[in-house]
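S.K.: need the 3D shape of this:
(chains A and B)
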Amino acid sequence: MRVMDGTLPSIKGFLKTLSPVDQVGAEARAAMLATRSIKTSSKSWAIDMAISMIDLTTLEGADTAGKVKAICNKAVRPDPSDSTVPHVGAICVYNDMVRVAREHLDASGGKDIPVAAVSTAFPSGRASLEVKKRDTEDAIANGAAEIDMVIDRGAFLSGDLVKVFNEIEFIKSICGDKAHLKVILETGELVTLDNVRKASYLAMAAGADFIKTSTGKVSPAATAPVVLVMLEAVRDWYEMTGTRIGVKPAGGIRTTKDAIKQLVLVNETAGPEWLNPGLFRIGASALLNDLLMQRMKLRDGHYAGSNYVTLD
Amino acid sequence: MRIDVKKTYKLYIGGAFPRSESGRSYEISDKKGNFIANPAQASRKDLRDAVVAARAAHSGWSSATAFNRGQILYRVAEIMEGRTSQFVDEIVATEGVAPAAAKKQVQEAIDLWVWYSGWCDKIGSIYGSTNQVSGAFYNFTIPESVGVVAAFAPQKSSLLGLVHTIAPIIAGGNTVIAIASEKLPLCAITLSEALATSDLPGGVVNILTGITSELAPWAGSHMEIDAIDASGLTSSQDKEVRVSGADNLKRISSFKAEATPQRLLAFMEHKTVWHPIGI
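M.R.: Numbering: from 1, shown residues only, chains lettered A, B, ... in the order given. Below you'll find the model as predicted:
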């Protein structure tokens, strides 16, 4: 079902039907859900689920092929001493590292781990449409099965919603059925939760398979109220259209506690159907080590040390 | 008529003063059984948080120049001097000794900081060496900190024993989680207030009050703790910690209450480096 076409009246008309976000209410609800205590077997389940949802990410100017290969190894076998640890959800890298990652994963038992490429002039999104097009095509040609695009926040904030919509739709048409499209809203720059809700709907209507909070380059990133609003959006979108859109918080989720809080938010907001790597991902790098150390603690009965997980 | 403002004795973790995450406290009393205070009763999770804080602080503290560490230790002595009467009152209340004896203990503790402050930039020259090797190399041996140390302070001394424990550990560049005497913990918290206002970076010293037998097994098995000062443990607790501490080859030592450079060296490892001559 098409809820809006690319014209300003239809976009504005639809967004006008959205109710405004009760910011205090959203913060209170997110804070309340964060107090849930998840222990023993539930914690063990949550840790493994969180590991399988991680988009293991390296997005540094200093990235090398060697580093990308190292995180690919870690993605396939997060804890070399324990084969019961599930593999991660995906690898997330810059465009030029996509081929390195794909080939290394294929060669080391990670054929079923997709490579996600950040695209469309990540992280700022400030490039011409032609450059964004080539960026995306190139990533897909090199083996990216997921495209993490950024929206044009400048256009969004100045009211040029048509431009944002058309860009997402255009990149979606390039992805076609070859790649999943994740749309990064960069909520840290959207100022209000109302804007987060509007941008979520805009992205979903334009064809996003996933909506993602942030690039990880802007702070604040994946705060709980923002994730809550986005989860409500995908839940309501499903009721409206029958299509389930995924959510990916990224940035600032570093500890097992943070990750489990996210899972509680998912379960209580969108529902248990979203508790799988096909519909919920966590963009992170340092998080994986903390999850592994918590897993060791549950397994061994004593606290683990950072010398017993790999350095990134 | 004024109501006294009672002090809440809290923990000292990462430069902050939290209550125990468990919400627990326990009662301490003087020799006659009269109630004194309800200090926080640290749980294993407080220990865990303290280890995280100590590990985070280690790279900065161990790479600070030895001279700078010495200055900061001396600053601790300066700050403690100004709080002498508070320490004296607490020692008198908890240990039941005369004020003169309490004051002597406080002054000895302050002098101990000065003594270890002097050791910071000398330990390397005195216990390190330049080694003769057959080849065109300089060869140096340098003592370096082992990392994160859990220290069980002596049970029978409220302040002096604790300073004997903490000062040499941090003088060598380690960070420490000190578990105060179970029955005499008040001075430990007051000491942490002195530490918090004396240029010492947060997390270098963390102080927990609570039940020693509850915390010891968790410290012994914690893989992030590199060494243990077991001075405040009973012989059976000591043995238990040595068994569980073997997993990650912890250095575990106990000491008498005396100032000696051996206390620094117990928590240092000697690194030997080769450097080609003429390059």
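
S.K.: interface residues of chain A facing chain B?
M.R.: With the criterion set to CB under 8 Å from any CB of the partner chain, chain A comes near chain B through A:G301, A:H302, A:Y303, A:A304, A:G305, A:S306, A:N307, A:Y308. No exception for glycine: its C-beta is placed from N, CA and C like everyone else's.

S.K.: the fifth one: neighbouring residues, count only.
M.R.: What it means is A:G305. Neighbour count for A:G305, taken as other CB atoms under 10 Å in any protein chain shown: 20.

S.K.: residues in contact with A:A205?
M.R.: For A:A205, the contacting residues are A:R2, A:V3, A:M4, A:I11, A:F14, A:F165, by CB atoms under 8 Å, 6 or more residues apart in numbering or on different chains.

S.K.: can you redo these as JSON lines with secondary structure?
M.R.: Shown next, in JSON lines, are the contacts of A:A205 (DSSP: H, G, I helix; E, B strand; the rest coil):
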{"residue": "A:R2", "secondary structure": "coil"}
{"residue": "A:V3", "secondary structure": "coil"}
{"residue": "A:M4", "secondary structure": "coil"}
{"residue": "A:I11", "secondary structure": "helix"}
{"residue": "A:F14", "secondary structure": "helix"}
{"residue": "A:F165", "secondary structure": "helix"}
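
S.K.: hmm, back to that, give me the ChimeraX select line for the residues of chain A next to chain B, limited to the buried ones.
M.R.: Here is the ChimeraX command that selects the buried residues among the residues of chain A next to chain B (16 or more other CB atoms under 10 Å in any protein chain shown):
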select /A:302,303,304,305
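
S.K.: could I get the full set of helices for the chain?
M.R.: No chain specified, so I'll use chain A. Assigned by DSSP state H, the helices in chain A fall at A:8-16, A:23-33, A:40-53, A:65-76, A:98-107, A:129-141, A:153-157, A:161-175, A:193-205, A:224-241, A:256-269, A:286-300.

S.K.: wait, I meant chain B there
M.R.: Going by DSSP H, chain B shows helices at B:44-63, B:66-82, B:84-95, B:99-119, B:123-127, B:160-171, B:186-196, B:212-221, B:235-245, B:261-265.

S.K.: need the residues of chain A next to chain B in TSV with distance to B:T94, can you?
M.R.: Compiled in TSV, the residues of chain A next to chain B are given as follows (distance: CB to CB, whole Å):
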residue	distance to B:T94
A:G301	35
A:H302	33
A:Y303	31
A:A304	37
A:G305	35
A:S306	37
A:N307	39
A:Y308	40
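
S.K.: about what we covered before: wait, which of the helices of chain A is closest to A:D82?
M.R.: Checking those against A:D82 by CB to CB gives helix A:286-300 as the closest, at 7.5 Å.

S.K.: so how far is that closest one off the chain centroid?
M.R.: Remark: helix A:286-300 is offset 21 Å from the chain centroid, using CA atoms, centre = their mean, to the nearest Å.

S.K.: one more: stretch B:117-126?
M.R.: Distance of stretch B:117-126 from its chain centroid, counting by CA atoms, centre = their mean, is 18 Å.

S.K.: okay, how far is it across it, tip to tip?
M.R.: End-to-end distance for stretch B:117-126, by CA to CA, to the nearest Å: 15 Å.

S.K.: quick check: B:S244 touching B:M223?
M.R.: No - taking contacts as CB atoms under 8 Å, B:S244 lies outside contact range of B:M223: 10.3 Å.

S.K.: any low-confidence regions in the stretch 151-279 of chain B?
M.R.: Applying pLDDT under 70 to the stretch 151-279 of chain B flags the ranges B:279.

S.K.: for it, what lies in contact range of chain A?
M.R.: Counting by CB under 8 Å from any CB, the stretch 151-279 of chain B sits next to chain A at B:W218, B:S221, B:H222, B:M223, B:E224, B:I225, B:S244, B:D247, B:N248.

S.K.: nearest to A:C92, of those?
M.R.: When these are compared against A:C92 (criterion: CB to CB), the nearest one is B:E224, at 28.6 Å.

S.K.: contact partners for the closest one?
M.R.: Per CB under 8 Å, 6+ apart, neighbours of B:E224: A:Y303, A:A304, A:G305, A:S306, A:N307, B:V51, B:V52, B:R55, B:V148.
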